[in-house]
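Peer 1: prediction below, plus the sequence it came from.
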Amino acid sequence: MGCYWTVKRSEPLKKGQSYVFVANHTSMTDIMLMLVAFKNHPFVFIGKKELVKIPIFGFFYKRTCILVDRSSPESRKAVFIRAQNRIKQGSSICIFPEGGVPKESVVLDRFKAGAFRLAINHKVPLVPMTFFDNKKRLSYTFFSGSPGKMRVQVHPTISTDHLSIEDTSEFSKEVFNLISNSLEADLKA
């Protein structure tokens, strides 16, 4: 596709450690770039159930992701149980906390609490990351995009050992601000 990537890491991940990975969701390329960034660290995506309806993609998607029906409290609860099982098996979990790709005009949409609640409940470290260029490479607007660089900044791991469920909202804001500030600094550079 004419794209090349660079992954800038603040620190190496510990082998055998489970993590919750979170990143801004900007493009159809986010999933592939996530796989490249953590190719040596097994993880599973949590994604919305509606995407299984997409021909061909949906077939593979439902076999490789933990699916959530966001309109169903039972489904959201079941996701926590399935994610817990995957964490116990040594896998990490990847969630795009915006809950979907925001409109073209939105740089970073507000975060949903699920990823942060999951990390806190299971005392799993959280790894925030910023995708800088994916929206320019392949956005959801037809006939947009271009070949070029796709940069990823993997920020320092954040421990959840000291956090309780009451800290979820503040924790979410902290990570939102980290990613938002990274995007703003990049725009000014």
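Peer 2: Thanks, I have it. No experiment lies behind these values; they were computed from the predicted model shown.

Peer 1: show me the helices in the chain, by range?
Peer 2: Ranges of helices in the chain, per DSSP state H, are 30-37, 57-64, 73-88, 114-121, 134-137, 168-188.

Peer 1: between these, which one is closest to residue 14.
Peer 2: helix 73-88 (14.2 Å; CB to CB). All C-beta spots, glycine's among them, are computed from the backbone N, C-alpha and C.

Peer 1: one step back: of all the helices of the chain, which one is nearest residue 19?
Peer 2: Using CB to CB, the helices of the chain put helix 114-121 closest to residue 19, at 8.3 Å.

Peer 1: can you list contacts of the closest one?
Peer 2: 20, 22, 46, 76, 79-80, 83, 93, 95, 97, 124-126, 160, 163-165, 167-168, 171-172, 175 (CB atoms under 8 Å, 6 or more residues apart in numbering).

Peer 1: what's the angle from that helix to helix 168-188?
Peer 2: Counting by axes from the mean of the first three to the mean of the last three CA atoms, to 10 degrees, helix 114-121 lies at 130 degrees to helix 168-188.

Peer 1: what mean pLDDT does helix 114-121 get?
Peer 2: Mean pLDDT, helix 114-121: 94.

Peer 1: list the contacts for the closest residue to residue 68 other than its chain neighbours?
Peer 2: Distance criterion CB to CB, 6 or more residues apart in numbering; nearest residue to residue 68, sequence neighbours excluded, is residue 79 at 4.6 Å. Counting by CB under 8 Å, 6+ apart, residue 79 touches 46, 66-68, 114.

Peer 1: can you check the pLDDT for residue 6?
Peer 2: Reading off the model, residue 6 has pLDDT 82.

Peer 1: list the contacts of it.
Peer 2: 149-152.

Peer 1: buried subset of the residues you listed, written for ChimeraX?
Peer 2: Command for ChimeraX that selects the buried part of those, burial taken from 16 or more other CB atoms under 10 Å:
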select :150,151,152
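
Peer 1: what's the lowest-pLDDT member of the contacts of residue 6?
Peer 2: Lowest confidence among these: residue 150, with 76.

Peer 1: that one contacts residue 37, correct?
Peer 2: No. Using CB atoms under 8 Å, residue 150 is not in contact with residue 37, being 10.1 Å away.

Peer 1: which of the helices of the chain sits most buried?
Peer 2: Among the helices of the chain, helix 114-121 has the highest mean neighbour count (mean count of other CB atoms under 10 Å), at a mean of 23.

Peer 1: report the angle between that one and helix 73-88.
Peer 2: 50 degrees.

Peer 1: least trustworthy helix or strand in this protein by mean pLDDT?
Peer 2: helix 134-137 (a mean of 68; mean pLDDT, DSSP states H and E).
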